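Asks: Build me a model from this:
(one chain, ligands or ions: 1)
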Amino acid sequence: MDTSCENDDKKQLIKLQRELKILEGKALYLSLYDNYASFLIAFKAQHLALTVEGKCIINSLIRSFHSLGRAKALPLTKTSATMKISYRSDTDSDFKCLEESIARGEFGKLNELWRVELEREKGFFAWEIQEVFSNYWSKEESDKFLNEMQRDEIILPTRFDSISQHSILSGLIAEIEQSAQDFKLEYGHFPHSSTIPTGQVNACAANLKCSSRTFLLFDSQLFLYCHLFSKAFALCLPIIKSDSSGIQLSSNIDKVKLQIENNTNKCTERFFDVLHAYVILGCPSEAEPYLLPKDYISYSELLRQGMELMVVGHEFGHVNAGHLGDATWRSIRMLSEAEIYKSHRQEFEADFWGCVLTLQAMSRKGYDSTLSFIGLDLFFSAMVLSERYRSLRSGIRDEHFEEEESESHPSFGARQAFLREAIKHIDGIKEHTASIQALCQFYDGALEHLWKTSIST
Ligand SMILES: [Zn+2]
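Replies: As a prediction, this is how the structure comes out:
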C-alpha cells in the first residue's frame, strides 16, 4: 500500500508544529496585523493535525488569537465560516443551573459589554479565516478547510462563556487536575469550570443550590491580566546573554534600575498601561497590544503560567480542603470575628494548595522550581500593585498606602508573605528556600523601582 502521501502529511505536520511552537510564543505577543505568516502556519498545522491525527491543536491557536489583545479593533464580517458552537447548558442540568444563576446576577452585575464581546469573538474567527484564505490559500484548500471548520464544534459551558477564555481555562484545569491526581488527592468528582463576564478580575469556587457539582468560576479578564502583567514585568529585566544555549536575565538590581530608567523597551509605559486598564477602565484588554521582544518570550511565559496556575490551583484548593461544605458560595453579609478568622485561614490554606499544585504542574513541564515559585508569587505582587494604584488614584499618597484586608480575604501582601514562609514545609522546594527568598527580595526591589518610575512619569 502506498502510504507516502500520508507520511508526507505527517512530516509536514511535524515541521509545521515545530514552526508553530516557535511562532506560538511570538504570535501571543503580536498585534493582529503584524504577522499573517504565523496565522497561516497555525491554520495549516491545525488543518493537518485534523486530518493526520484526528485531533486539532486549536488550543494553542486560540490562545494566539486571544492574546492579540484588542479583538474589538477588528472589523466584523459575516461569513459562512462561522464555527458551530454548542452549549453544555442545553443538555446538562448543572450547567443550565450555572447559566441561570449568572443571568440572575448571582455573581454580580454582568459586564455590559459581554454580549458584544462574545459576538465579536465569533466574528473574529470567521473574519480572520476568510482573510488568511484569500491571501495565502488556493480556493480548493480554503474550501476543504472551511468544511472542516464547519464540522468542528466548539462546546462552551454556558452562553456567558468566551471561546478564547474557555480554551485557556480548560488547559489550566487539565494541569491542576493532573497535579491533584499526581498527589492522589481525594475529592470525588473534579469540579466543573467556566469563565463568567463579571468585569472584575476575580475567581471563586461555588456550590449552587440547583447543581450537583461544584463550579470553579473565573472572570473572563483574569488570565489576560496575568498575561499582560507578566509581559510588562519581564521587560524590566536586562538580558545579559542570548545565544543558542539560552537566555540569561540579569539579577543585578542596579542593572535592573538602569534598564527601567533608560526605558528603551517602554517597560514603564507597558506596566502602567496594564494597571490602568485593569484598575481604572475595569478591563485589562483595553491595554495596548504589543509584540514582546523575542528574548523575553520564554521568560514571560514562565511567569504567566505560574500566575495562572496559581489562580486555578487556589480555587480548587478550597474544594480539596472541604471549605465549601454545604454552604453556597460566600454570601455578602457581615461576618463575625470568628467567621472572619475562619475565612482568612481558609484563604491561606487554599493558597498553600494552589502553590503545591502549581509547582507540581510546572515541574511536569520541566521548569525549575525556584523560578516556578517566582511566577506564582508574582500573582500576589500584581494584585498588591493594582490595589496600590487604586489607592493612589483615589487621592491617597503612595507613601501612605496600606493594603486593606476584607472580611473574607486577608490582604494579598499577607498571603504572599505566608507562602514565602510556607515553602519551608513543601517537599521538593524546601531545600531551595534560601535562594527563593533571596530571589523574591530581588523581584520586590525590581517591582518597586518599576512602580515608582512608572507612576512618576
Ligand atoms: Zn479563596
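Asks: I'd say R393 and Y278 touch.
Replies: No - using CB atoms under 8 Å, R393 is not in contact with Y278; the gap is 11.7 Å. Heads up, the C-betas are built off the backbone N, CA and C, glycines and all.
Asks: Would you mind telling me which of those two has more residues around it?
Replies: Neighbour count, other CB atoms under 10 Å: between R393 and Y278, Y278 has more, with 28 against 13.
Asks: Just say helix, strand or coil for that one.
Replies: Classification of Y278 using DSSP: H, G, I helix; E, B strand; the rest coil returns helix.
Asks: Compute the number of surrounding residues for the residue nearest to it when sequence neighbours are not counted.
Replies: Closest residue to Y278 apart from its sequence neighbours, by CB to CB, 6 or more residues apart in numbering: P284 at 4.8 Å. P284: 27 surrounding residues under other CB under 10 Å.
Asks: Enumerate every residue touching P284.
Replies: V201, Q221, L224, Y225, L228, V274, A277, Y278 (CB atoms under 8 Å, 6 or more residues apart in numbering).
Asks: Over to Q178?
Replies: Per CB under 8 Å, 6+ apart, neighbours of Q178: A361, R364.
Asks: quick one: Y367 from K342, how far?
Replies: Y367 sits 34 Å away from K342, going by CB to CB, to the nearest Å.
Asks: ok, those two, which is more surrounded?
Replies: Y367 (18 against 12).
Asks: gap between the more buried one and C226?
Replies: Distance from Y367 to C226, by CB to CB: 16 Å.
Asks: does stretch 212-227 come close to the ion?
Replies: No - in terms of CB under 5 Å from the ion, no part of stretch 212-227 sits within range of the ion; the closest distance is 10.7 Å.
Asks: quick one: terminal-to-terminal distance for that stretch?
Replies: Using CA to CA, to the nearest Å, one end of stretch 212-227 lies 33 Å from the other.
Asks: List the buried residues in that stretch.
Replies: Buried residues in stretch 212-227, counted by 16 or more other CB atoms under 10 Å: 213-227.
Asks: Find the helix or strand that the residue lying closest to V274 once chain neighbours are set aside is a member of.
Replies: Leaving aside its sequence neighbours, V274 sits nearest to L228 (CB to CB, 6+ apart; 4.2 Å). Element membership for L228, per DSSP states H and E: helix 222-234.
Asks: Show the subsequent helix or strand relative to that helix.
Replies: strand 239-243.
Asks: Which strands and helices lie in contact with that following strand?
Replies: Helices and strands touching strand 239-243, by 3 or more CB pairs under 8 Å, 6 or more residues apart in numbering; DSSP states H and E, are strand 246-249, helix 294-320.
Asks: check whether the last one contacts the ion.
Replies: So the one you mean is helix 294-320. No - remark: helix 294-320 sits outside contact range of the ion, by CB under 5 Å from the ion, the gap being at least 5.5 Å.
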